[in-house]
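**Student:** okay, here's the prediction I keep looking at, along with the sequence it came from:
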Amino acid sequence: MNTMIAPVLALVSWTLVMWAWMYAQRLPAMTKAGIKPQDARFPGALDVLPDAARQAAHNYNHLMEQPTIFYAAALAIFVAGHGDGTAVALAWAYVALRIVHSLVQASVNIVMARFAVFSLSTIVLAVMIVREWARLLG
């Protein structure tokens, strides 16, 4: 668990949990609203679904955005052989914050709480990257 690969796999696994959560919310909501799968072929078609179904879906989409930078950075750090204890701790902190972000967004969805957790995770990611640049250039 003290390698850069473990937090990468953890976030990938969490993304799959959110995928399941999204469909566990979305499919029953679509059925209840009388929306057929083909009706969802246009972006705004599912905007009529309840908040819970949309929140989980939005979070799943968010896990396809900034975490891609995390995956690239974590794997670059690993390949460079710089995955020391601090790098691994930062990677786990990023993963933990993204999980908290998911839980907030998919449940209570308090925007300022989401923003705070997102900001912290972004700072952790930036520290990972700046630290790696310093090691590469140093």
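**Tutor:** On my side now, so go ahead. In this text, all values refer to a predicted model and were calculated from it rather than measured experimentally. Residues are numbered from 1 along each chain as shown.
**Student:** helices along the protein, start to end?
**Tutor:** 5-33, 51-62, 67-79, 85-106, 111-137 (DSSP state H).
**Student:** redo those as CSV? Include distance to G44.
**Tutor:** Quick note: C-beta positions are derived from backbone N, CA and C, even for glycine. Output for those, formatted as CSV (distance: least, Cβ to Cβ, whole Å):
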stretch, distance to G44
helix 5-33, 14
helix 51-62, 11
helix 67-79, 25
helix 85-106, 20
helix 111-137, 21
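**Student:** make JSON lines from those helices and add distance to R41, mean neighbour count and mean pLDDT to it.
**Tutor:** Putting those into JSON lines (distance: least, Cβ to Cβ, whole Å; neighbours: other Cβ atoms under 10 Å; pLDDT from 0 to 100) gives the following:
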{"stretch": "helix 5-33", "distance to R41": "13", "mean neighbour count": "16", "mean pLDDT": "97"}
{"stretch": "helix 51-62", "distance to R41": "15", "mean neighbour count": "19", "mean pLDDT": "95"}
{"stretch": "helix 67-79", "distance to R41": "25", "mean neighbour count": "17", "mean pLDDT": "98"}
{"stretch": "helix 85-106", "distance to R41": "24", "mean neighbour count": "20", "mean pLDDT": "98"}
{"stretch": "helix 111-137", "distance to R41": "29", "mean neighbour count": "15", "mean pLDDT": "98"}
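**Student:** spatially central, which residue of this protein would that be?
**Tutor:** Centroid-nearest residue in the chain: L63, 3.2 Å away (criterion: Cα atoms, centre = their mean).
**Student:** what does it show for phi and psi?
**Tutor:** phi -70, psi -10 (degrees, to the nearest 10).
**Student:** pLDDT of stretch 36-50, averaged?
**Tutor:** The average pLDDT for stretch 36-50 rounds to 91.
**Student:** please save the CA atoms from it in PDB.
**Tutor:** Once non-C-alpha atoms are left out, stretch 36-50 reads as follows in PDB (Å, rounded to 0.1, in the frame of the first residue of the first chain):
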ATOM      1  CA  LYS A  36     -37.000   5.500 -22.100                       C
ATOM      2  CA  PRO A  37     -33.200   4.900 -22.600                       C
ATOM      3  CA  GLN A  38     -33.400   6.300 -26.200                       C
ATOM      4  CA  ASP A  39     -35.000   9.500 -24.800                       C
ATOM      5  CA  ALA A  40     -31.600  10.200 -23.000                       C
ATOM      6  CA  ARG A  41     -29.700  10.600 -26.300                       C
ATOM      7  CA  PHE A  42     -29.600  14.400 -25.900                       C
ATOM      8  CA  PRO A  43     -27.800  16.100 -23.000                       C
ATOM      9  CA  GLY A  44     -30.700  17.900 -21.300                       C
ATOM     10  CA  ALA A  45     -33.100  15.000 -21.500                       C
ATOM     11  CA  LEU A  46     -32.300  13.800 -18.000                       C
ATOM     12  CA  ASP A  47     -32.600  17.200 -16.300                       C
ATOM     13  CA  VAL A  48     -36.100  16.300 -15.200                       C
ATOM     14  CA  LEU A  49     -34.700  13.600 -12.900                       C
ATOM     15  CA  PRO A  50     -34.600  14.100  -9.100                       C
END
